Every structure is written in C-alpha cells, then in structure tokens.
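Trainee: Sharing a model prediction with you, sequence too.
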Amino acid sequence: MPVIRHVEVRSGDVVLLVGTMKGAFVLRAAATRRAWDVGGPYFPGSEVYALACDRRGGRARLWAGPNSMHWGALLRSSDDFGRTWTNPEAANVKFPEGSGAAVQRIWQIVPGRDSEPDTLYCGVEPAALFVSRDAGATWSLVEGLWNHPHRPLWQPGGGGLCLHTIVPDPERIDRLGVAISTGGVYLTDDGGSTWRPSNTGVRAEFLPDKHPEFGQCVHKVAQSRRRPDRLFLQNHWGLYRSDDRGATWVDIANGVPSDFGFPMAIHPEDPDCAWIVPLESDQFRCTPEGKLRVYRTRDAGASWEPLSRGLPQDGAYETVLRDALAVDALDRPGVYFGTRSGKLFGSADAGDTWSAIVDGLPPIISVKTAIN
C-alpha cells in the first residue's frame with residue numbers, strides 16, 4: 001500500500017480536492033496560492049469521480065465517492081480533511097429493492113443551499129438522482145426523475161449513462177437542474193416530484209433530428225450564483241448560454257478553435273465570465289494543435305480569449321474532462337484544472353497566468369475547490 005500523507009488545513013486556506021482513476025488527493029495553500037501541500041492518495045486504486053466539501057452548518061466535511069471493482073461504489077466522508085474517513089459496510093447510496101437497478105458509479109456530490117444545511121444531492125450511473133435530508137446519514141431515490149417516461153429512451157454516452165451535473169437554483173428552493181449523458185438537461189420546479197426537459201436550442205449532431213426535445217449529450221452546465229437566470233452549457237459539439245434559467249439556449253461558440261469539450265466553470269461573482277477547455281473533436285479528444293489553452297469569456301460568450309501563459313504550447317496533446325476544471329471563491333478567483341496525463345495546473349489571477357501545481361498523478365477526473 002502507498003504511504004498516505006496528510007495536510008494541515010488552516011483558516012483561510014484554499015483547498016483542492018482532486019479525484020483520479022487511482023485515488024483522491026487533498027491539496028492546500030494559503031490565500032496567496034503560491035505553494036501547495038499535497039495529501040493522499042486516499043482510496044488508492046479506486047476511481048474517484050465525485051468529490052465535494054460541505055462548509056454548511058459549522059461543518060468542514062469532505063465527501064468522496066470512490067468506486068472499487070471489488071466493492072462497488074460507496075459514499076464516504078471525512079471531518080478532518082482526509083486523516084480519517086467513514087467506511088460503510090454496505091452501499092449507502094443504493095436503489096430500492098425491486099427497482100431492477102444497481103449503482104455502478106457515483107458521478108456527483110453537491111451540497112444543497114445554505115438555507116437547507118442538511119440537504120445533499122448525489123448523481124449516479126445509471127442516470128438517477130438521490131437526495132439526503134439528514135446531512136448524508138441516509139439517502140433516497142428521487143422517484144419523480146427515475147419514473148420519468150423519457151428514462152427508458154436515454155442512451156449511454158461514451159462514459160456511460162450518467163447523471164453528472166446537479167445545479168440547485170440559488171434563489172428558488174424547489175427548483176433544481178440536472179444534466180444527463182445522453183438525456184440532456186432536466187428541470188424541476190416542485191422539489192423533484194415532476195421534471196421537464198430543457199434543451200431548446202441545443203443540438204444533437206449525432207441524431208437524425210438535430211434539435212430533439214431530449215437526447216442531447218450535455219457535458220457540463222454551470223449556473224451563476226449572482227444572476228441565476230444565466231447558465232452556460234458545454235455540449236458534445238456545442239457551446240451555449242441561457243438567460244432564462246435554462247428555458248432556451250443560444251449558441252456562443254464565437255472565436256473558439258472547437259465547440260467540442262467537456263468542462264465549464266463560471267465566475268463566482270461575475271455572470272458574464274466563464275472558462276472552458278476546448279478539445280479538437282469527438283474523434284480526437286485532445287487540445288487543438290497540441291496547445292494547452294484555457295478559453296475565457298468576459299462578455300457572456302460574445303467573444304473568447306485564449307489563456308496560455310505558463311501552459312505548454314508544443315506537443316501538449318492533453319485532455320480535460322467534465323469535472324476537472326474548477327474555480328475558487330476568492331476576490332480574484334483562482335482557476336484550476338487537471339489532465340488525463342496526471343498534470344494539475346492553477347492560476348491565482350483568473351487565468352491570466354498559469355503554473356504547474358503537481359505532475360505525475362494518475363489520470364485526473366475531478367477537481368473541486370473550497371475555502372476553509
């Protein structure tokens with residue numbers, strides 16, 4: 001077994017949670033974000049697609065969803081930044097008996113709103129949503145989505161039939177959005193009892209009908225906390241913005257080398273600012289021209305600028321997956337992303353300049369941030 005290191009997290013530190021194909025890592029730095037300490041690997045040998053930090057209710061709780069080929073998917077938590085973890089004897093996120101389904105992988109863990117400090121959401125494969133109302137002690141299947149008449153028609157994307165994005169509306173407590181590959185975006189306005197597809201304007205290049213009601217391969221959705229009617233969406237071929245809380249979407253692929261990619265991140269305060277990492281195509285899922293560039297918009301997608309200072313620009317055929325790009329909540333936000341080759345990069349100035357934080361990790365599939 002590998003030697004596991006731990007980090008000492010202090011008040012005001014920036015924390016990065018990094019999930020890989022072979023375990024998870026916890027990193028910390030002071031607010032300057034100049035030097036990083038690395039803890040881990042936790043759950044060595046397990047895929048860790050889902051990570052989260054819950055700072056509500058006086059907690060500083062980490063959540064992880066490691067997946068073992070022997071033991072399946074478990075949801076585990078730590079209240080000491082990784083020194084100790086809960087270890088359930090049986091799956092704690094599971095389908096009810098008689099459903100005919102079993103959780104194959106946990107794709108997403110999302111804390112609820114500050115006004116509901118004991119609510120957590122979990123997205124899994126096969127595509128389903130679970131909710132906890134007791135801070136993660138117990139979980140229940142959201143039956144309204146599971147029983148939706150569209151569900152039998154959803155098809156798996158390249159990564160499986162997964163519910164990979166959960167977006168609680170910051171103002172409306174009964175409104176929640178999810179993204180499913182390949183089902184598209186679905187919204188509820190009644191706390192999950194009923195759901196409707198919300199994909200108007202989003203293409204499905206791989207289907208005969210290019211604009212179906214559902215069936216789009218959505219890769220990631222991000223919603224503005226300050227202006228909740230503003231959302232950005234990265235599709236499997238397609239880059240979009242909504243100004244009506246997801247009711248309709250408009251194409252904003254202006255000046256990017258490709259509208260194919262996986263991750264999408266939005267500025268914590270500025271609803272006009274977002275970041276993406278374009279890839280060449282669905283056939284060649286690497287950075288265009290072998291140049292590792294993050295693209296930023298500061299005008300809601302009217303234009304995009306390449307950010308490359310400090311990033312390799314020669315033979316850098318990298319891949320950044322849907323949850324491997326994240327932004328912290330400091331005044332000048334830090335931006336972080338990890339690659340399938342195990343490189344983790346960070347910027348302390350919203351993407352103007354970059355530096356390598358760590359190299360040589362297993363393939364990175366998730367990056368999340370928190371401020372302690």
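Mentor: Cool, got the structure.
Trainee: Tell me which residue is most central in this structure.
Mentor: The residue lying closest to the centre of the chain (Cα atoms, centre = their mean) is D323, at 3.5 Å.
Trainee: Contact partners for it?
Mentor: Contacts for D323 (Cβ atoms under 8 Å, 6 or more residues apart in numbering) come out as G19, Y49, Q108, H164, K220, P263, I365, S366, V367, K368. To be clear about C-beta, it is placed using only N, CA and C from the backbone, and glycine gets the same treatment.
Trainee: thought A50 was touching A64?
Mentor: Yes - in terms of Cβ atoms under 8 Å, A50 counts as a neighbour of A64; the distance is 6.8 Å.
Trainee: which neighbours do those two share?
Mentor: With Cβ under 8 Å, 6+ apart, A50 and A64 have common neighbours G19, I109.
Trainee: Need phi/psi at the residue nearest to the centre of the chain.
Mentor: Per-residue torsions, D323: phi -110, psi 10 (degrees, to the nearest 10).
Trainee: Tell me how far it lies from V250.
Mentor: 25 Å (Cβ to Cβ, to the nearest Å).
Trainee: still on that earlier bit, D349: which of the contacts of D323 is nearest?
Mentor: Nearest to D349, judged by Cβ to Cβ, of the contacts of D323 is V367 at 17.8 Å.
Trainee: ok, now how distant is the residue nearest to the centre of the chain from S140?
Mentor: With Cβ to Cβ as the criterion, D323 and S140 are 24 Å apart.
Trainee: And for R322?
Mentor: 26 Å.
Trainee: For the protein, just list every one of the helices.
Mentor: For the chain, the helices defined by DSSP state H occupy 143-146.
Trainee: pLDDT-wise, which helix or strand of this structure ranks last?
Mentor: strand 72-73 (a mean of 82; mean pLDDT, DSSP states H and E).
Trainee: Residues touching that strand, excluding its own?
Mentor: Applying Cβ under 8 Å, 6+ apart, the contact partners of strand 72-73 are G65, P66, N67, A91, V93, A102, V103, Q104, R105, I106, V124.
Trainee: Looking at G40 now. What's its pLDDT?
Mentor: Confidence at G40, expressed as pLDDT, is 97.
Trainee: how close does it sit to G255?
Mentor: Separation of G40 from G255 (Cβ to Cβ): 38 Å.
Trainee: More neighbours: which of those two?
Mentor: Neighbour count, other Cβ atoms under 10 Å: between G40 and G255, G40 has more, with 22 against 13.
Trainee: Just give the closest residue to that one, not the sequence neighbours.
Mentor: F25 (3.6 Å; Cβ to Cβ, 6 or more residues apart in numbering).
Trainee: roughly how far apart are the residue of the chain positioned farthest from its centre and E305?
Mentor: In the chain, counting by Cα atoms, centre = their mean, G98 sits farthest out from the average C-alpha position, at 30.3 Å. From G98 across to E305, the span is 53 Å (Cβ to Cβ).
Trainee: Could you do D243 as well?
Mentor: 21 Å.
Trainee: what's the first-to-last distance across stretch 308-320?
Mentor: 15 Å (Cα to Cα, to the nearest Å).
Trainee: Take the contacts of D323 and keep only those in strands.
Mentor: G19, Y49, Q108, H164, K220, P263, I365, S366, V367, K368 (DSSP state E).
Trainee: Got a quick ChimeraX command for the buried subset of those residues?
Mentor: Under the burial definition 16 or more other Cβ atoms under 10 Å, those of those that qualify are selected in ChimeraX by:
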select :19,49,108,164,220,263,365,366,367,368
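Trainee: Same list (the ones in strands among the contacts of D323) but as CSV, adding pLDDT and distance to R5.
Mentor: Shown next, in CSV, are the ones in strands among the contacts of D323 (pLDDT from 0 to 100; distance: Cβ to Cβ, whole Å):
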residue, pLDDT, distance to R5
G19, 98, 17
Y49, 97, 22
Q108, 98, 27
H164, 98, 30
K220, 98, 31
P263, 98, 27
I365, 98, 21
S366, 98, 19
V367, 98, 19
K368, 98, 19
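Trainee: The ones in strands among the contacts of D323: which two are farthest apart?
Mentor: It's G19 and K220 that sit farthest apart of these, by Cβ to Cβ, at 15.2 Å.
Trainee: neighbouring contacts of stretch 288-308?
Mentor: By Cβ under 8 Å, 6+ apart, the surrounding residues in contact with stretch 288-308 are 230, 232, 239, 241, 252, 254-258, 270-280, 287, 311-318, 325, 335, 337, 339, 345, 347, 350-352, 354.
Trainee: Show the residue spans covered by the strands in the stretch 1-150 of the chain.
Mentor: Under the criterion DSSP state E, counting those that start in this stretch, strands of the stretch 1-150 of the chain are mapped to 14-20, 23-29, 37-42, 47-54, 61-68, 72-73, 76-78, 105-111, 120-125, 128-132, 140-141.
Trainee: which helices and strands does the third one pack with?
Mentor: When contacts are defined as 3 or more Cβ pairs under 8 Å, 6 or more residues apart in numbering; DSSP states H and E, strand 37-42 packs onto strand 23-29.
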